[in-house]
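Novice: predicted model and sequence below, questions to follow.
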Amino acid sequence: MASIRHGIVIDASPGHVWDVLRDVGAVHERLLPGRVAGTRIEGDQRFLAFPDGRVIRELILDVDDEAHRLAYAVVEGARAGRLIWTTDVLPHALAAEIRIRVERGAVEMKRAIEAAARD
């Protein structure tokens with residue numbers, strides 16, 4: 001299994017960044033508006049709907065407020081918060097493609113969080 005770890009500094013407080021990330025039911029509103037069309041929560045499952053009609057089901061494994069850690073699995077400075085996005089990938093051959101998506105997604109998340117922090 002390949003592991004992808006990508007970090008990015010976000011111009012918002014750690015508390016604000018965590019508030020956005022831990023809001024697992026509002027990905028389409030707070031984290032990736034425009035990229036995710038809708039989010040639905042059913043128990044410990046999250047369904048992300050994309051503008052092209054695709055839906056991805058994720059299992060929310062843990063939301064740890066003390067450690068500021070969110071873990072999920074895809075199953076089908078005072079002002080500097082940090083987002084660390086770790087994705088495990090099988091098969092290994094997909095790692096390069098997924099890395100690009102993670103890096104692009106992190107930049108989109110950064111923009112959304114920073115824009116909301118300025119409001």
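Specialist: Received the coordinates, thanks.

Novice: export the helix or strand bottoming out on mean pLDDT in the chain to PDB, keeping only CA atoms.
Specialist: In the chain, the helix or strand scored least confidently by mean pLDDT, DSSP states H and E is strand 81-89, which has a mean of 78. Presented in PDB, the C-alpha positions along strand 81-89 are these (Å, rounded to 0.1, in the frame of the first residue of the first chain):
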ATOM      1  CA  GLY A  81      -3.000  26.300  10.900                       C
ATOM      2  CA  ARG A  82      -1.700  23.200   9.200                       C
ATOM      3  CA  LEU A  83      -3.500  20.600   7.100                       C
ATOM      4  CA  ILE A  84      -1.800  17.200   6.800                       C
ATOM      5  CA  TRP A  85      -3.600  15.000   4.300                       C
ATOM      6  CA  THR A  86      -2.500  11.300   4.400                       C
ATOM      7  CA  THR A  87      -3.900   8.900   1.800                       C
ATOM      8  CA  ASP A  88      -3.000   5.200   1.500                       C
ATOM      9  CA  VAL A  89      -3.300   3.900  -2.000                       C
END
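
Novice: paired strands for it, with orientation please.
Specialist: strand 2-10 (antiparallel) (DSSP bridges).

Novice: contacting residues around the partner strand?
Specialist: For strand 2-10, contacts defined as CB atoms under 8 Å, 6 or more residues apart in numbering pick out 17, 80-90, 92, 94-95, 98-99, 102-103, 106-107, 109-110, 113-114. To be clear about C-beta, it is placed using only N, CA and C from the backbone, and glycine gets the same treatment.

Novice: does anything pack onto the longest helix belonging to the chain? Which helices or strands?
Specialist: Ranked by residue count and defined by DSSP state H, the top helix of the chain is helix 95-118. If you count contacts as 3 or more CB pairs under 8 Å, 6 or more residues apart in numbering; DSSP states H and E, helix 95-118 packs onto strand 2-10, helix 14-22, strand 81-89.
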